[in-house]
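Visitor: Okay, sequence plus prediction incoming.
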Amino acid sequence: MLTADLITPRLRCSPTTLTIELVHERDPHWQQTAGKLIALLQSQVGHSQAAWARALEAFIGDRLDYVVIRGLAKVLTDAATFVPPATAVPPAVLRAQLFARGPVFEKPDVFHTQTRQDATGSRAGDGPRCESHRGAGRNSTLRRSTVTRHPG
């Protein structure tokens, strides 16, 4: 499903109707653009989702029809399968371990004496090591996912 930022520019209002300006599927320009997008997605199989986003931004460049292209790309991306990378510790276990240690900050203060490095490091008997995940953001798994299948 397309998001509001992709639909809103194509809405057409009149006093009695609200319509969406559709892409003409038989238009050679849009067929060629869709073909290039499909080829671009196919070239990203085995690469990260972040690499796909960078390739898409490079493809869009400074085109004026970027809203339609992003819409077409979203349809392709939604139909693709992105697989999270294998990790030493399952993400759910890692999150549980980190959240169990409470809030942490870059620099300790009077109320929070544990630093981020302390929380993500491992001590004897603490269970699986988390060091390989140090600095990983909340959505890091998605940014590092790989395209393994492309739509038909």
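Guide: Okay, I see it.
Visitor: CA atoms for contacts and neighbours, from now on please.
Guide: OK.
Visitor: Just the strands from this structure, written as ranges.
Guide: According to DSSP state E, the chain carries its strands in the segments 11-13, 18-20, 81-83, 146-149.
Visitor: If I average pLDDT within each of those, which one is lowest?
Guide: In terms of mean pLDDT, the lowest-scoring of the strands of the chain is strand 146-149 (a mean of 52).
Visitor: max-length helix in the protein?
Guide: Secondary structure of the chain read by DSSP state H shows that its longest helix is helix 28-43.
Visitor: what does it rub up against?
Guide: When contacts are taken as CA atoms under 8 Å, 6 or more residues apart in numbering, the neighbours of helix 28-43 outside the stretch itself are 23-25, 52, 55-56, 69, 72-73, 76, 150.
Visitor: Closest one of these to residue 84?
Guide: Closest approach to residue 84 among these (CA to CA): residue 52, at 14.4 Å.
Visitor: Which parts of the protein belong to which domain?
Guide: For the chain, whose domains are defined here by automatic domain parsing, the residue ranges read 4-81, 91-143.
Visitor: Now for this protein, the helix or strand with the poorest mean pLDDT.
Guide: Sorting the helices and strands of the chain by mean pLDDT, DSSP states H and E puts helix 140-143 at the bottom, at a mean of 34.
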